[in-house]
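> Provided below are the primary sequence and the corresponding predicted coordinates.
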Amino acid sequence: MISIRDISKEFDGVRALDKVTLSVMKGETFGVIGPNGAGKTTLIRILTGQITPSGGEILLDGEPVNPIESRYRLRVGLVPQEPALYGRLTARENLVLLARLYGKEEKKISSKVDDLLDLAGLEEHAARQARFYSRGMKQRLSLVMGLVHEPELIYMDEPTSGLDPEARSALWELILHLAGEGRSIFITTHNMEEADHICSRLAILVDGSLKEEGTPTEIKGLLGTDRIELQLLHDRTADLDALCRRLDLSWKSEGDKIVVAGVELPDRIPDIVSALAGSIRNFHYREVTLEDAFLRFMREAEE
Ligand SMILES: Nc1ncnc2c1ncn2[C@@H]1O[C@H](COP(=O)(O)OP(=O)(O)O)[C@@H](O)[C@H]1O
Ligand SMILES: [Mg+2]
């Protein structure tokens, strides 16, 4: 639906984005993951027309577009990093105001606002001023404010940062619900668990450059492997060497643990267990996480 080509941005000679190219397909949840200062917010600000890039172009359905044009703006929504709400207005008033600004028909506003309050789980709090809401409630209101004009694609800039686990999982449910309705989602995050849970495709952004792109599974596979962590009662170095040679695995000591890694590891479990029979004190199969993959990626980038 939306592509960007070679988008760069310089602030006072400092390069915040360097030739970023990516596409967001209809109905997918595309995540940009990266540490603080990577350029995530800058990218979203460019994609929502708040700042202009130093170079590159944005395409809507394959046609170059300026993101301040209404044919673009009416199809996209934004949930900014900091909720933009009127604190002295209630949730309902915030939504009604926005619906009027978008020029929605007055007789349709009330039921639309009810639907959005329901979606955000804020019906019971709809008559309270937004400044008294918890951070999670503000974030849920902010999210549905991005939906008032029923955009096909919604940009979300670290929507769960600073939320406690319960508020975060409520927001995840809301995001997955929107994805289930077929909306495209473009989300930035520095939370790997979140990226893995929500996104159908991911790109890693570091120092303004896109480094890797793929499904969460592809990125995990690219940058890390599952491992078995063992604690042994006896020294079995010779048996481990022989086993790993035979099954094309690798092993190393990490503290008081032995770590065995390799491809198709689950299929090798019976062999590993029988080769070390009588010496296993503790056996732990650990699937690679996106966080492992990301940390390894950052370490290799630094080296
Ligand atoms: N308005 C600005 N003026 C100068 N530098 C900026 C401005 N906005 C962002 N930057 C710089 O651009 C880089 C990327 O920032 P940002 O996009 O906010 O990263 P992220 O959202 O990934 O944490 C940082 O080095 C930041 O200091
Ligand atoms: Mg940011």
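On my side now, so go ahead. On a predicted model such as this, the values are computed, not experimentally measured, just so you know. Residues are numbered from 1 along each chain as shown. Ligands and ions are numbered 1, 2, ... in the order given.
> what residue in this structure comes nearest to ligand 2?
residue 41 (3.2 Å; C-beta to the ion). From N, CA and C alone the C-beta is placed, and that goes for glycine too.
> contact partners for that residue?
By C-beta atoms under 8 Å, 6 or more residues apart in numbering, the contact list for residue 41 reads 81, 157-158, 188.
> please repeat the previous calculation with a cut-off of 10 Å.
Listed by C-beta atoms under 10 Å, 6 or more residues apart in numbering, the contact set of residue 41 reads 16, 50, 80-81, 157-158, 188.
> flag every buried residue along the helix or strand where it lies.
Using DSSP states H and E, residue 41 falls within helix 40-47. The neighbour-count check on helix 40-47 (16 or more other C-beta atoms under 10 Å) flags 40-47 as buried.
> that one and ligand 1 in contact?
Yes - figure legend: helix 40-47 in contact with ligand 1 (C-beta under 6 Å from any ligand atom); contacting residues 40-42.
> likewise stretch 182-191?
No - using C-beta under 6 Å from any ligand atom, stretch 182-191 stays clear of ligand 1, coming no nearer than 6.7 Å.
> now that stretch: average pLDDT?
Mean per-residue pLDDT for stretch 182-191: 94.
> and it, does that touch ligand 2?
No - Stretch 182-191 does not reach ligand 2 (C-beta under 5 Å from the ion); its nearest approach is 6.7 Å.
> straight-line length of stretch 69-83, end to end?
In stretch 69-83, first residue to last residue: 24 Å (C-alpha to C-alpha, to the nearest Å).
> pLDDT averaged over that stretch - what is it?
93.
> any idea how far it is from the chain center?
Its chain's C-alpha centre and that of stretch 69-83 lie 18 Å apart, by C-alpha atoms, centre = their mean, to the nearest Å.
> what does stretch 90-107 give?
Worked out by C-alpha atoms, centre = their mean, stretch 90-107 lies 29 Å from the chain centre.
> kindly export that stretch (C-alpha atoms) in PDB.
Presented in PDB, the C-alpha positions along stretch 90-107 are these (Å, rounded to 0.1, in the frame of the first residue of the first chain):
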ATOM      1  CA  THR A  90     -13.500  13.600  28.400                       C
ATOM      2  CA  ALA A  91     -12.700  10.700  26.200                       C
ATOM      3  CA  ARG A  92     -16.000  11.100  24.500                       C
ATOM      4  CA  GLU A  93     -15.400  14.900  23.900                       C
ATOM      5  CA  ASN A  94     -12.000  14.200  22.500                       C
ATOM      6  CA  LEU A  95     -13.400  11.800  20.000                       C
ATOM      7  CA  VAL A  96     -16.400  13.900  19.100                       C
ATOM      8  CA  LEU A  97     -14.100  16.900  18.500                       C
ATOM      9  CA  LEU A  98     -11.800  14.900  16.300                       C
ATOM     10  CA  ALA A  99     -14.800  13.500  14.300                       C
ATOM     11  CA  ARG A 100     -16.100  17.000  13.700                       C
ATOM     12  CA  LEU A 101     -12.700  18.200  12.600                       C
ATOM     13  CA  TYR A 102     -12.700  15.400  10.100                       C
ATOM     14  CA  GLY A 103     -16.100  16.600   8.900                       C
ATOM     15  CA  LYS A 104     -18.000  13.500   9.800                       C
ATOM     16  CA  GLU A 105     -21.700  13.700   9.500                       C
ATOM     17  CA  GLU A 106     -23.200  14.900  12.800                       C
ATOM     18  CA  LYS A 107     -25.900  12.200  13.000                       C
END
